[in-house]
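Participant: structure of the sequence below:
(chains A and B)
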Amino acid sequence: MQVRYSLAIPTLAALFGVPAVAASLGASIEVPRLNVSEYHRPYVAAWIERADNSVAATVAVWYDVRTRTNNPEGEGTKWLKDLHQWWRRTGRELQVPIDGVTGATKPAGTHGVSLPDAAAAKLAPGAYKFVVEAAREVGGREVVSVPFQWPPTKADQQRASGSTELGDIKLELKP
Amino acid sequence: MTLSLRTLALATALTAVGMAHAHNAWLLPSTTVLSKPDTISVDAAVSNDLFVANHAAMRLDNLLITAPDGSTVKPESEAKLKHRSVFDVNVGAPGTYRIAVVNAGGFASWKDKATGQQKRARGTPESLAKEIPADAQEVTVTQSVGRIETFVTVGKPSAPKPIGQGLEMVSTGGAFTDLAKGEKATFALHIDGQPAKDLEVTVTAGNTQYRDQLAEVKVKTDDKGQFSVTWPTAGMYWIDASTKDNKTTMPQAKERRLSYAATVEVMP
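Facilitator: Here you go, the predicted structure:
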């Protein structure tokens, strides 16, 4: 089993002319702990934007994905439009849920996300921005973006920080 | 003064609905961008301040709601309150809905032959024909066509089909519900489907009651009837324009007054 597997990868790579290990993009998104009387977990969208603001990939969308049984009003998707920038750029074009992209809202803390290898392979070389937007019910909204170059030439870490609805945004690039 | 001009223009537009001292006529949707089908509420009023209902409720007899596919949607929970009218709109299909109050009619003034008294009336061509006596003197009839509207989108915006009648705002590629602070939007004004050239358009941000100045932005349409606005802040905006010509469709009228007002939302 092990032998067959390790043999298969180089064969496939040779066949399609792609490197066995592609460049990767991962990030951590900090949802800050807020001391407010009415706290709801924020809706968060993370995506990759080209220099002309068009969207190359949606990396993550965290929203109220509860089903009909425990969210009888099915209100979850109603507030997706509050992620104004993501909604205008790409959200309204997409059908949620999206496998590997959408998920439930996250509690305060640091959460990892990564660009699937298939999506990374499709990124053309150039300048991009990793954008994170958070919107909280009866709370605020914030957009934080981290510029980066693709593909990365060396292992690199970029970061930016939000001031209200988002904490540290760390971007990890590997060639 | 600009305010009195605006008041006059709108007053003429609203004669058909019977407002003696009309100010700003507006429709205010509770929201213009939705990610799933829902019911939205709309306020409709004629007021001094944008968008504060402090003068008169708008009559909804001529309310027409058009779905993205062109079909007509019936308003729900309609009510006329003292200072504003309200109604709900069930927006179910993806695309942009047009919510419009269209007032078409005319107003007339004449001198009564027997008494020499000055008389006035407003209404439809038929009702005016009935009201003006055959022997009336110094009859002047003015036709008026006014459109007050707003737009609401579910999902991805679509471009509402132009009406082709009266003064209206049409898309130049962008959507009426895809406006954002700091960005430039370009629209066109048409009269009976043709570009309205060299027409002054006024763009006023809402919440006028919290500003010392109206802070309205005036722009002129170009040869294609186009005008552009770069939105300084997020919020609800009121776009209005008015003009007159002699292309009357009312037999008695020599002059036609056209007016247009739209409420649009600008996102942060």
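
Participant: can we go C-alpha only for contacts and neighbour counts from here?
Facilitator: Noted.

Participant: ok, stretch B:141-153 near chain A or not?
Facilitator: No. Stretch B:141-153 lies out of reach of chain A by C-alpha under 8 Å from any C-alpha of the partner chain, never closer than 10.4 Å.

Participant: my guess is residue A:32 contacts residue A:134, does it?
Facilitator: No. Using C-alpha atoms under 8 Å, residue A:32 is not in contact with residue A:134; the gap is 10.8 Å.

Participant: show me where chain B dips below the pLDDT cut-off.
Facilitator: Counting by pLDDT under 70, chain B shows low-confidence ranges at B:1-22.

Participant: how's it carved up into domains?
Facilitator: According to automatic domain parsing, chain B comprises the domains B:5-105+B:142-266, B:106-141.

Participant: I'd like those as TSV, with mean neighbour count and distance to residue A:83 appended.
Facilitator: Output for these, formatted as TSV (neighbours: other C-alpha atoms under 10 Å in any protein chain shown; distance: least, C-alpha to C-alpha, whole Å):
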stretch	mean neighbour count	distance to residue A:83
domain B:5-105+B:142-266	19	10
domain B:106-141	16	46
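
Participant: so which of these is nearest residue A:56?
Facilitator: Residue A:56 lies closest, by C-alpha to C-alpha, to one member of the domains of chain B: domain B:5-105+B:142-266, at 18.2 Å.

Participant: chain center to the closest one, what's the gap?
Facilitator: In terms of C-alpha atoms, centre = their mean, to the nearest Å, the centre of domain B:5-105+B:142-266 is found 4 Å from the chain centre.

Participant: could you say which helix or strand holds the residue most central in space within chain A?
Facilitator: Most central in chain A under C-alpha atoms, centre = their mean is residue A:59, positioned 2.9 Å from the mean C-alpha point. Using DSSP states H and E, residue A:59 maps to strand A:55-63.

Participant: that strand - contacts with which helices or strands?
Facilitator: Under the contact criterion of 3 or more C-alpha pairs under 8 Å, 6 or more residues apart in numbering or on different chains; DSSP states H and E, strand A:55-63 touches strand A:43-50, strand A:102-104, strand A:109-114.

Participant: name the nearest residue to residue B:76, ignoring sequence neighbours.
Facilitator: residue B:88 (4.8 Å; C-alpha to C-alpha, 6 or more residues apart in numbering or on different chains).

Participant: and if you look at residue B:239?
Facilitator: Excluding the flanking residues, the one nearest residue B:239 by C-alpha to C-alpha, 6+ apart is residue B:203, at 4.6 Å.

Participant: also residue B:87?
Facilitator: Computed as C-alpha to C-alpha, 6+ apart, the closest residue to residue B:87 that is not its neighbour in sequence is residue B:78, at 4.3 Å.

Participant: that neighbour in helix, strand or coil?
Facilitator: Assigned state for residue B:78: strand (three-state reduction, DSSP: H, G, I helix; E, B strand; the rest coil).

Participant: so who does the nearest residue to residue B:261 once chain neighbours are set aside touch?
Facilitator: Distances taken as C-alpha to C-alpha, 6+ apart place residue B:240 nearest to residue B:261, at 4.2 Å, with adjacent residues excluded. Counting by C-alpha atoms under 8 Å, 6 or more residues apart in numbering or on different chains, residue B:240 touches B:201-203, B:259-262.
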